[in-house]
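Chemist: compute the structure for the input listed below.
(one chain, ligands or ions: 2)
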Amino acid sequence: MIKKIKIAPSILSADFARLADEIRVVENAGADVLHIDVMDGHFVPNITIGAPVVKAIRAQTRLLLDVHLMITDPELYIDDFIKAGADWISVHCEATNHLHRLLQQVESGGVKVGVAVNPATIIGLLDEVLHKLDYILIMSVNPGFGGQIFIPESLDKIIRLRQKLDSAHINRALIEVDGGVNQDNALSIIEAGADILVAGSAVFGGGDPDGAIKGIRQAVIG
Ligand code: DX5
Ligand code: ZN
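Modeler: Ligands and ions are numbered 1, 2, ... in the order given. Below you'll find the predicted structure:
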């Protein structure tokens with residue numbers, strides 16, 4: 001495979017009491033990006049972590065920090081996450097009436113800007129802003145929890161997004177896929193057109209994050 005695939009372990013399934021150690025293992029295993037799931041108990045029915053934890057992680061790793069905001073009123077918190085050291089920030093298009101303004105806010109902070117879309121959200125909603133994006137995060141489970149099963153219809157959505165980007169000659173935006181990704185389905189997700197694979201339980205859930213990352217990498221290399 002010619003294109004470089006990025007693997008982004010999601011710390012949601014890591015042992016939070018040993019977070020620095022868990023991050024060190026995936027960094028040494030060749031992870032490209034560290035995916036951090038921020039949930040507020042409103043946009044999704046779960047609460048995870050906020051900017052102070054992102055700041056603490058920033059001090060522990062050189063990995064790029066990919067902050068996935070699953071929160072309502074994201075415009076109130078984006079600057080905090082930028083100050084905390086986020087490198088990439090994705091906002092859900094379902095979480096705002098003013099996506100364009102939100103993207104400007106992220107972009108003006110000097111970080112990579114992404115939009116996340118829930119499984120039931122049509123990708124056509126992004127048509128007017130695709131050229132502004134560094135990445136599009138396709139949710140392949142309903143956001144809120146790790147360890148869910150990959151929704152099979154997501155593959156067709158990834159294929160359609162890839163076609164849309166290619167036919168519009170938009171080369172900048174990468175496609176990130178998040179939810180239920182594992183060693184068994186990684187290749188089909190990449191073949192559908194994804195560039196970045198987020199994996200939480202597949203990496204941290206089996207007791208061998210190093211082996212799991214290498215397994216996913218091997219599966220997509222063939
Ligand atoms: C779910 C999160 C995901 C989650 C993925 O709402 O956005 O990043 O950590 O976990 P797995 O890989 O276990 O589906
Ligand atoms: Zn996520």
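
Chemist: let me see the confidence value for the residue with the largest distance to the centre of the chain.
Modeler: Distance to the chain centre peaks in the chain at Ser167, reaching 23.9 Å (criterion: Cα atoms, centre = their mean). Per-residue pLDDT puts Ser167 at 97.

Chemist: again, but for Ile2
Modeler: 61.

Chemist: what residues are up against the closest residue to ligand 2 within the chain?
Modeler: Residue nearest to ligand 2 within the chain: His68 (3.8 Å; Cβ to the ion). Any C-beta I mention is one placed from the backbone N, CA and C, and that applies to glycine too. By Cβ atoms under 8 Å, 6 or more residues apart in numbering, the contact set of His68 is 35-38, 90, 116, 137, 178, 198.

Chemist: tell me if it really is in a strand.
Modeler: Yes - under DSSP: H, G, I helix; E, B strand; the rest coil, His68 falls within a strand.

Chemist: how near is it to Asp166?
Modeler: 25 Å (Cβ to Cβ, to the nearest Å).

Chemist: for Val115, same thing?
Modeler: Distance from Val115 to Asp166, by Cβ to Cβ: 18 Å.

Chemist: between the two, point out the one with more neighbours.
Modeler: Shown here are Val115 and Asp166; by other Cβ atoms under 10 Å, Val115 has more neighbours (27 against 11).

Chemist: ok, the more buried one - contacts?
Modeler: Neighbouring residues of Val115 by Cβ under 8 Å, 6+ apart: 90-93, 99, 103, 126, 129, 133, 136-137.

Chemist: same check on Val53?
Modeler: Ile36.

Chemist: could you tell me the end-to-end distance of stretch 89-108?
Modeler: 12 Å (Cα to Cα, to the nearest Å).

Chemist: residues near the closest residue to Ile71 other than its chain neighbours, how many?
Modeler: Leaving out its chain neighbours, the residue that sits closest to Ile71 by Cβ to Cβ, 6 or more residues apart in numbering is Asp40, at 4.0 Å. The tally of other residues near Asp40 (other Cβ under 10 Å) stands at 18.
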